[in-house]
Each structure stands twice: as C-alpha cells, then as structure tokens.
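# 3D model of this:
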Amino acid sequence: MLIRSWDAGTEAEWREWLAGRDFGLLAANGPAGGGPVLVPTHFLLDADRGEIVLHLAAANPLFAAIRSDPAVTLAVTDDYAFAPGYWRTGTPTSHYASVHFRCRAEVVEDPAGKAEILNRQLAHFQPETPQTRVTPGAEPFGPQLSGIRGLRLTIQQVRAKFKYDDKLPAAEQAAQADRLAERGAPGDQGTREQLLRRNARRTGGCPAD
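The predicted model follows:
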C-alpha cells in the first residue's frame, strides 16, 4: 500500500478508528505460482499486547500456507467512496481508510489455547452472554474444539493510511463533504466523517456535523 506523507495515519488515529472495527482480510503467502491465500475474518486486536487473535476452521487452506511461511498481513479497510473529478481538480479519486498489520502467525492447536482465544473473542463479540464460555472437554463447545485452529498474530509493523485529500487546500477538501452529504450513497456518510475529521485537524477546528 502506497502511503504519501499527507495520507499517513498516526498510532492514536488508527487505534481510535479500529475501536469499532473487527473484520478484515488476512493474507498469507501461498505455494509458488499459486498466489496469496486470502481469508475474510473477524479478529480481536489487543494493541497494547501487540497481538491479534482469531480462529478458523481446521480445514482452512490458510494453515498450510502459514506452516510454510508464518509471515501474514491483516488489512482492515472502510469509510471508502468514489470522488468524481468534477468534485475536486478534474481527476477522480478514491477516499478510504486502511490499516495493515504485518505479523508473524502462530497456529494454536492445543485445546486450552484454543479455548482461551475463543473465550476472549466471546467476551468481545458476545458480552451480553458472559455465561457462554468454552471449556476443553465440556459440553456444549468443548468437544467441537477439534474442528478449529486458533491463530495468534504477533504484530511486527502497522501501516495506516487515511486518504481524504489532505494534499488539497483545506477549503477544497471541506467542500467535498457537502458533495458526499448531497449524494448519500452507501459509504458516503462514513467517508464524510473521516474527511471532516482530517480537515479539522489541519485547520484547528472541530469536525462539522
């Protein structure tokens, strides 16, 4: 992913943006000539611990790829929209936010380790049922642990891009927010919020509604 100086996101910025996002695309190196292995997946980020955990079906081809090469990348992309050329300076573009985690993956196969990952995910994704937890060997979920594998991703590098025309004059950048509000297509509201947030950071103001 190409990141220009004006598009680069700070650690505080990507942490805040990811606070409400937990679904991404996990990529591993496939066999020679076979291309990468890509898996859309939910995940649990613990930025303070420098790790990401998730689980997949044991038959997922990602595991064979990881055993050959544990280097993986998890990408999260959202708040995207197309900006026509007549909105800006005659050249169309795409607005989006994207955070890439370059990681080293560890496959977790022991029942206790898999249960620990599942319970962390349940606490995050299903907090309304704290009584639902996984215990190895215990019904109802313990006997099903053999059908999954856990993944623990140790974060080695984070690359964050917030592409919202920060290279344009601030007034021209802000004017696109009105265009997005008028169009109201899927994705436009989130894009508008990010564009206004970035604009306010440049101008020292507060993001407009």
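# ok, Val76 to Leu151 distance?
Spatial separation of Val76 from Leu151 under the definition Cβ to Cβ, to the nearest Å is 16 Å. Every residue, glycine included, has its C-beta placed from N, CA and C.
# between those two, which is the more surrounded one?
In this comparison of Val76 against Leu151, neighbours counted by other Cβ atoms under 10 Å, the higher total goes to Leu151 at 27 against 20.
# are we agreed that the more buried one is in a helix?
No. The secondary structure assignment for Leu151 gives strand rather than a helix, going by DSSP: H, G, I helix; E, B strand; the rest coil.
# find the nearest non-adjacent residue to the most centrally placed residue in the chain, please.
With distances taken as Cα atoms, centre = their mean, Val76 lies nearest the centre of the chain, 2.3 Å away. Ranked by Cβ to Cβ, 6 or more residues apart in numbering and with sequence neighbours excluded, the top spatial neighbour of Val76 is Gly24, at 4.0 Å.
# spit out the contact partners of that neighbour.
Contact criterion Cβ atoms under 8 Å, 6 or more residues apart in numbering gives 40-41, 43, 74-77 as the residues in contact with Gly24.
# can I take it that it is in a strand?
Yes. Secondary structure assignment (three-state DSSP) places Gly24 inside a strand.
# distance of it relative to His42?
Applying Cβ to Cβ to Gly24 and His42 gives a distance of 8 Å.
# ranges for the helices of the chain?
With helices called from DSSP state H, the chain shows them at 11-18, 62-68, 111-125, 170-183, 188-203.
# save the ones you listed as JSON lines, and put in mean neighbour count and mean pLDDT too.
Formatted as JSON lines, the entries for those read as follows, by neighbours: other Cβ atoms under 10 Å; pLDDT from 0 to 100:
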{"stretch": "helix 11-18", "mean neighbour count": "16", "mean pLDDT": "98"}
{"stretch": "helix 62-68", "mean neighbour count": "17", "mean pLDDT": "95"}
{"stretch": "helix 111-125", "mean neighbour count": "17", "mean pLDDT": "97"}
{"stretch": "helix 170-183", "mean neighbour count": "16", "mean pLDDT": "96"}
{"stretch": "helix 188-203", "mean neighbour count": "20", "mean pLDDT": "96"}
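# the nearest residue to Thr154 once chain neighbours are set aside bridge partners, please.
Closest residue to Thr154 in three dimensions, ignoring its sequence neighbours and counting by Cβ to Cβ, 6+ apart: Arg104, at 4.8 Å. Partner residues in beta bridges with Arg104: Ala71, Thr154, with DSSP bridges as the criterion.
# just checking, Arg104 touches Thr73?
No. Checked against Cβ atoms under 8 Å, the pair Arg104 and Thr73 is beyond contact range at 10.9 Å.
# who's more crowded, these two?
Neighbours per residue (other Cβ under 10 Å) separate Arg104 from Thr73, with Thr73 holding more: 20 against 14.
# roughly how far apart are that one and Val37?
Applying Cβ to Cβ, the value for Thr73 to Val37 is 11 Å.
# hey, what's in contact with both of the two?
The contact lists of Thr73 and Val37 share Ala27, where a contact means Cβ under 8 Å, 6+ apart.
# just to revisit the earlier point, of the contacts of Gly24 - the most surrounded one?
Going through the contacts of Gly24 with other Cβ under 10 Å as the criterion, the one with the most neighbours is Leu74, at 23 neighbours.
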